[in-house]
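*Asks:* Output the structure for:
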Amino acid sequence: MSLVRDTRARVASHLVGRERELELTLAAVAAGRDIVLEGPPGTSKTTMLKAITSEWGIPLLFVEGNADLTPAKLVGHHNPARVLREDYSADNFVPGPLVEAMRDGGFLYIEEFNRAPEDTLNTLLTAMADRSISIPRVGTIVAAPTFRVIASMNPYDNVGTTRLSTSVHDRLNRLAVDYQDAAAERGIVSLRTVTARNEGTGLGSRLIADAVAVTRATRGHPDVRQGSSVRGAIDCVLVALQLGELRGIDAAGAGGNARGGDVDAEQAYRELVYDAMVVSLSGRIHLDEAIEATPEQVLREIWEDHFILEPAAAAPG
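*Replies:* Numbers count the residues shown, from 1 in each chain. Okay, the predicted model is just below:
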């Protein structure tokens with residue numbers, strides 16, 4: 001058990017927050033269980049799994065769940081050219097990610113698990129229950145001890161998804177992984193955006209707070225079905241830093257406005273943030289189908305709420 005505690009401590013150094021989720025996920029996989037991580041994109045699921053597998057020294061094999069994921073793509077297939085020249089044999093078999101993960105003792109990570117066809121998901125049942133599968137003309141593949149099936153699903157997206165069978169549910173543990181709190185997201189954005197080059201400009205720290213605030217606001221807006229993950233805030237900061245350099249804005253009030261002196265520096269900064277929001281967030285938010293507004297209009301409303309209706313929250317420093 002001390003080994004698991006040591007692993008938790010080392011993996012935690014790769015994450016901002018997520019102590020509880022890491023502990024629960026690590027407990028499940030250390031117990032030899034398969035698990036589905038249910039949560040929206042950008043909630044550190046992949047980062048957490050990469051850190052665990054790296055610490056254990058085992059591979060992490062990614063599979064995208066979609067309608068094209070057939071059992072043959074998941075398990076593997078015989079090389080058609082070699083079959084024509086020779087015959088069906090184990091030597092002519094090209095292993096898929098499931099067989100590779102079983103042989104190497106890795107984590108098979110299936111993203112958008114509930115988008116895969118039902119017959120493909122049923123292929124996993126024997127692998128999860130018996131830790132082995134039988135392949136015609138190849139034989140039985142027995143999983144290495146560290147083999148795990150890890151799935152992820154987005155609870156906010158039901159379009160084009162498959163209803164999981166009771167048999168699949170019965171073989172998977174489940175953990176809900178929601179968005180981090182504001183402080184943790186600011187920490188993530190800071191790690192991903194602040195460099196020695198922009199740390200001293202004075203623009204970075206304020207941009208991080210504003211980008212996280214407006215990104216989080218997309219998740220609670222009444223016209224938005226699914227808001228942006230923290231990746232939107234990261235891109236908002238990175239785009240705004242480049243815009244600030246192009247426009248001569250280094251910090252709010254410090255750099256002025258390179259486009260003309262008729263607009264004060266604070267307004268120039270606010271418009272800078274809005275322009276960065278349009279680029280980084282407009283493609284990441286999904287509006288309610290009954291809403292006639294555009295993503296740009298919704299983002300402008302969020303921008304006005306943050307900078308005009310709540311000026312204290314948006315004030316420098």
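
*Asks:* Show me the shaky parts of the stretch 151-300 of the chain.
*Replies:* Within the stretch 151-300 of the chain, the ranges that satisfy pLDDT under 70 run 157-162, 195-202, 250-263.

*Asks:* In it, mark out all the strands, start to finish.
*Replies:* Using DSSP state E, counting those that start in this stretch, the strands found in the stretch 151-300 of the chain span residues 173-176, 224-226, 286-287.

*Asks:* And for stretch 176-184, what's in contact with it?
*Replies:* Stretch 176-184 is contacted from outside by 16-18, 21, 37-40, 42-45, 155, 185, 188, 212-213, 216, 219, 229-230, using C-beta atoms under 8 Å, 6 or more residues apart in numbering. From N, CA and C alone the C-beta is placed, and that goes for glycine too.

*Asks:* cutoff 7 Å now
*Replies:* Contacts to stretch 176-184, defined as C-beta atoms under 7 Å, 6 or more residues apart in numbering, come from residues 16, 17, 21, 37, 38, 39, 40, 43, 45, 212, 216, 219.

*Asks:* How about stretch 287-300?
*Replies:* With C-beta under 7 Å, 6+ apart as the test, stretch 287-300 has contacts from 221, 223, 224, 225, 274, 277, 278, 281, 282, 285.

*Asks:* Compare those residues and tell me which is most surrounded.
*Replies:* Using other C-beta atoms under 10 Å as the neighbour criterion, residue 277 leads the contacts of stretch 287-300 with 29 neighbours.

*Asks:* give the contact list for it.
*Replies:* By C-beta under 7 Å, 6+ apart, the residues touching residue 277 are 214, 236, 299, 303.

*Asks:* Skipping its backbone neighbours, what lies nearest it in space?
*Replies:* Using C-beta to C-beta, 6 or more residues apart in numbering and skipping residues adjacent in sequence, the residue nearest residue 277 is residue 299, 5.0 Å away.

*Asks:* count of residues packed around that neighbour?
*Replies:* Neighbours of residue 299 under the rule other C-beta under 10 Å: 24.

*Asks:* ok, so what distance separates it from residue 135?
*Replies:* 51 Å (C-beta to C-beta, to the nearest Å).

*Asks:* just residue 101 next, same as before
*Replies:* 14 Å.

*Asks:* neighbour-wise, which of the two wins?
*Replies:* In this view residue 101 and residue 135 are compared by other C-beta under 10 Å, and residue 101 has more residues nearby, 27 against 17.

*Asks:* Which of the helices or strands spans that one?
*Replies:* In this structure, residue 101 sits in helix 97-104 according to DSSP states H and E.

*Asks:* Contacts for that helix, please.
*Replies:* Taking C-beta under 7 Å, 6+ apart as the rule, helix 97-104 contacts 58-59, 61, 63, 74-76, 107-108, 127, 141, 143-144, 147.

*Asks:* Filter those down to the buried ones, ChimeraX style.
*Replies:* Per 16 or more other C-beta atoms under 10 Å, the buried members of the contacts of helix 97-104 correspond to this ChimeraX selection:
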select :58,59,61,63,74,75,76,107,108,127,141,143,147
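
*Asks:* Could you break this structure into its assigned domains?
*Replies:* Domain segmentation of the chain under automatic domain parsing yields 2-176, 182-314.
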